[in-house]
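Peer 1: here is my input; please provide its structure:
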Amino acid sequence: MSKPVVLFLCEGNSARSQMAEAFLRKHAGNRFEIHSAGLNPRDIHPMTIRVMDEVGISLQGHRSKSLTEYLGKLAVRHVIIVCEYDENSCPHVWPFTRHTIHWPFEDPAAAEGSERERLDRFRAVRNTIEEHIVQWVRRGGADAEESRLA
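Peer 2: Got it, this is the predicted structure:
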């Protein structure tokens, strides 16, 4: 039997969705087939790589992907949108999915300030994403209504 597919969507697939994909692989990679994509993919942000390395997760081999790589090609059971609600370019629906969940994380790539301040923002978002992933996995990751943590 194949594993249920989880797709994390975001605007750029450079920070939040990459973190979420990596954390779900860490916490439940044996239970799900996991992907991430963006509407307008950009290179993975260097601070994303750095803060994930800090918690022992390498993003080596990861790349930003367009949602068109998956649209109509993959039977997605769970779409988890990790953009903030007010991001106009963020996807809001995914056709033919069983569950669409919205976890509105702040975009750390938009943070301003010193390098330390921007890294602190990336770390805070990273930690919040992992908390959401852990709770979702504990709840079974199956019911969109029970999984809303926002």
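Peer 1: buried sites along the lengthiest helix in the chain?
Peer 2: As assigned by DSSP state H, the longest helix anywhere in the chain is helix 115-138. By neighbour count, and taking 16 or more other C-beta atoms under 10 Å as the criterion, the buried residues in helix 115-138 are 118-119, 121-123, 125-126, 128-130, 132-133, 136-137. C-beta here means a position set from N, CA and C on the backbone, and glycine is covered the same way.
Peer 1: host element of the residue most central in space within the chain?
Peer 2: The chain has S17 as the residue nearest its centroid, 2.5 Å off, counting by C-alpha atoms, centre = their mean. Following DSSP states H and E, the helix or strand that holds S17 is helix 16-28.
Peer 1: got the CA positions of the next helix or strand after that helix in CSV?
Peer 2: Scanning the chain past helix 16-28 towards its C-terminal end, the next helix or strand to appear is strand 33-38 (assignment: DSSP H and E). These are the backbone C-alpha positions of strand 33-38, laid out as CSV (Å, rounded to 0.1, in the frame of the first residue of the first chain):
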residue,chain,number,x,y,z
GLU,A,33,5.4,10.6,0.9
ILE,A,34,6.5,14.2,1.4
HIS,A,35,7.0,17.1,-1.0
SER,A,36,7.1,20.9,-1.1
ALA,A,37,6.6,23.4,-3.9
GLY,A,38,6.0,27.1,-4.5
